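Student: dropping the sequence and predicted coords here.
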Amino acid sequence: MESRNDGNIEALPPSTMTDMQTNHHPLPLPLAKERSDDAQHERYVYVSPDIDKTAFDDLNIRNIDNADHRAEPGEIFDRFVSAICVVSDEYLDQNAAVVSEWLGSLFSRELLFIILSKTERSVDSFLGVHRELIYLVIPATTPKSYLRQFVENGYREMFLRFDRLGYQTRLELSLQDMRRITRIGQLLSTEKDFEVLIETILREVMVVVGADAGSIYVTEPYKGERPEFLRFKKSALQLSASEFLLPVDSTSIAGYVASSGLPLMIPDCYALPETEPYSFNREYDQQHHYYTRSMLVIPMKNYRNEIIGVIQLINKRLETNRPLTYEEMGAGEVGKFRVVDMDKASAVAGQAAVAIENNRLIRSIHNLFEGFVRASVTAIEQRDPTTSGHSFRVAEYTVGLAQTVDRVSSGPFSLLKFTPEQIREVRYASLLHDFGKVGVREKVLVKAKKLYPDQLSEIRWRFRFARKSLEYTYARKKLAYLKHEGAVAYRDYERFMDQELSQKLEELQGMLQIVELSNEPNVVDGSTVSQIEQIALSGVTIEDGSTVPFLTHNELLSLQVRRGNLDQVERLEIESHVTHTYRFLVQIPWTGDLRNVPDIAYGHHEKLDGTGYPLGLNQREILPQTRMMTIADIFDALTAPDRPYKKSLNVESALDILGKEAKEGHIDADLLKIFIEAKIYEVVKDSALL
């Protein structure tokens, strides 16, 4: 293990290292070039007819059903032939017998399959292809650029297999070492968790070479030609040590190896001349009561010969299964790493590089989809800023509830468990549960009161016109009376007319106030509805003698809504967002571990008693994940501070309403109990952050 600043340590001279690499164990050449030995190297890509071939334009492309794949053994004796088969799951299922026969006559000495599958499947489910030939099963939607990289990684894997086959004769490795290196490759190719993958790499390579300690670094993402920083990931002495960055330069051993791309073998870290270009700091040993004596540092390279990490192995054990003592290390009684250890560690490092690269590619695909989901949610919430953050909060609540249910050991949900993939499935369904609102008219979506703003504005103009019309009519009457009766009698007449006008204007203002009060999305009683209906029967007379009613038929229907702010047509349009969501989500070619996303999202407005929408499902037909989302959705709708058509409720009031919903058989009472007892509602501390 090394710290951020290392002091000088003794190592083999650079010339010695170069000789070893050139004469004894040459490093693999870039796969895009031919091998430099006597045998010619040929690479083929066999592609099923339904696969786009443009990603492999610069490679030797063959169709699986092409007759030119056959050759006599003598014709290829002087060639090393490797092939990657890129096929779809549908093609394999439909042509299992043909593929099996084809494999029997194929001349290639090394061959691996990459299968593009629309669903999550095991390698044993593909007939006609032995499981050992299947390198990867990846989503059918994998972008071409990623697919090309997976193919290159497959070639790299075959080169490593070819090299391993030669290790036993070239380096006299034991059969046990060969089996262990092969087993490590299998372990690394199946591990999905990056942190576990890193820990497995370090543990296994230490066992292979008999190291007492070690650490592993990976490169940080970079845009230039070379990485600038290494990130410390794991130490065998401190599995919980914090990560830190190390510059890729000669100020540290790992940085030097990452910079030079060459392995480094150090006999004794405490006896190195000052002329060496790298440094070592003894502070780490002093702080952790340890002596770093012998050291072996191996770069990890991908198929493009780019450095993606460094493995650092410390102190070769004298006895494989016995850790070194502090006294032995202090006295220098530590084994020295040999060239054979370097080759074994390099073999594991090559496999580790492929595994890390594949893991990064898969994580990139996940991140790509994660970005798509978040962008989709942001886009729909931009249409309705008043509900901004709702989908993200619902996802937090639902995931929190699902994780809590996964941990319960008693009750009706004690047997319900979720894998990390199923938790991700719940999260995506929650994030996208309202995406169908993109199919709802925006004015309906953002409607805050019973009338649209333009409708209320028109109604106010009608009353304003009626007011002006009355004032004009009474002004004309007073002027005519003045002309005919004179000023003396006019004073009494004027007083009478003004009182009458004032009374009528007050009546108009009263009617307008009733309209404005009824426009609020509150519960309306029967008397108010009757008043609205009477107002609709009144109107204002215009110049041509016709009467314009104060309220149109549609405006009357909107104001007659007893509860909320939507009329029946608008409510049905809002409710249609659930169906729009489902139709959108089923168009996405979900991988097998996310296949339930459309169904989970589809039922979030269903009720256990069958009175929900759009399908009227009952309790047994509604997925548990959907029932969790329903509770989260209602809770956030009640407590959200940004809904213009209702006041935000505090947590206690919202939970009371949820309790009533549970008693009435609308939502799951057992899940609500877990939601309350585990205080899932506290998951989102600051909704403004979402």
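Tutor: Everything's here; your move.
Student: okay, helices next: where are they in the stretch 51-200 of the chain?
Tutor: Along the stretch 51-200 of the chain, counting by DSSP state H, counting those that start in this stretch, helices occupy 89-94, 96-105, 144-170, 175-190, 194-209.
Student: show residues contacting the fourth one.
Tutor: Helix 175-190 has contacts (C-beta atoms under 8 Å, 6 or more residues apart in numbering) with 135, 157, 160, 164, 167-168, 197, 200-201, 204-205, 207-208, 344, 347-348, 351-352, 354-355, 358. In this view, the C-beta of every residue, glycine as well, is placed from N, C-alpha and C.
Student: mind exporting the C-alpha coordinates of it to CSV?
Tutor: The C-alpha trace of helix 175-190 is given here as CSV (Å, rounded to 0.1, in the frame of the first residue of the first chain):
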residue,chain,number,x,y,z
LEU,A,175,-2.1,-26.7,-13.3
GLN,A,176,-3.4,-25.2,-10.1
ASP,A,177,-2.3,-21.8,-11.3
MET,A,178,-4.0,-22.3,-14.6
ARG,A,179,-7.2,-23.3,-13.0
ARG,A,180,-7.1,-20.5,-10.6
ILE,A,181,-6.5,-17.9,-13.3
THR,A,182,-9.4,-19.4,-15.4
ARG,A,183,-11.7,-19.3,-12.4
ILE,A,184,-10.8,-15.7,-11.7
GLY,A,185,-11.8,-14.8,-15.3
GLN,A,186,-15.2,-16.5,-14.7
LEU,A,187,-15.7,-14.7,-11.4
LEU,A,188,-14.9,-11.3,-12.9
SER,A,189,-17.1,-11.8,-16.0
THR,A,190,-20.2,-12.4,-13.9
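Student: burial measure for the nearest residue to Tyr452 once chain neighbours are set aside, as a count.
Tutor: Among residues not flanking Tyr452 along the chain, Lys443 sits closest, at 6.0 Å (C-beta to C-beta, 6 or more residues apart in numbering). If you count neighbours by other C-beta atoms under 10 Å, Lys443 ends up with 11.
Student: on that earlier part again, just the buried ones from the contacts of helix 175-190?
Tutor: Neighbour counting by 16 or more other C-beta atoms under 10 Å classes 135, 157, 160, 164, 167, 197, 200-201, 204-205, 208, 344, 347-348, 351-352, 354-355, 358 among the contacts of helix 175-190 as buried.
Student: show me the longest helix that occurs in the chain.
Tutor: Scanning the chain for the helix with the most residues, using DSSP state H, yields helix 339-383.
Student: tell me which other helices or strands that helix touches.
Tutor: For helix 339-383, the packing partners by 3 or more C-beta pairs under 8 Å, 6 or more residues apart in numbering; DSSP states H and E come out as strand 134-139, helix 144-170, helix 175-190, helix 194-209, strand 295-301, strand 307-316, helix 390-407, helix 420-431.
Student: if we use 7 Å, what do you get?
Tutor: For helix 339-383, the helices and strands in contact under the criterion 3 or more C-beta pairs under 7 Å, 6 or more residues apart in numbering; DSSP states H and E are helix 144-170, helix 175-190, helix 194-209, strand 295-301, strand 307-316, helix 390-407, helix 420-431.
Student: the ones you listed: which one's closest to Ser538?
Tutor: With C-beta to C-beta, the closest approach to Ser538 among the helices and strands packed on helix 339-383 belongs to helix 390-407: 41.4 Å.
Student: in three-state terms, label Leu272 for me.
Tutor: Using DSSP: H, G, I helix; E, B strand; the rest coil, the structure places Leu272 in coil.
Student: give me the phi and psi angles of it.
Tutor: Here is the backbone geometry of Leu272 (degrees, to the nearest 10): phi -120, psi 130.
Student: from Thr54, how far out is it?
Tutor: Plainly put, Leu272 is 52 Å away from Thr54 if you go by C-beta to C-beta, to the nearest Å.
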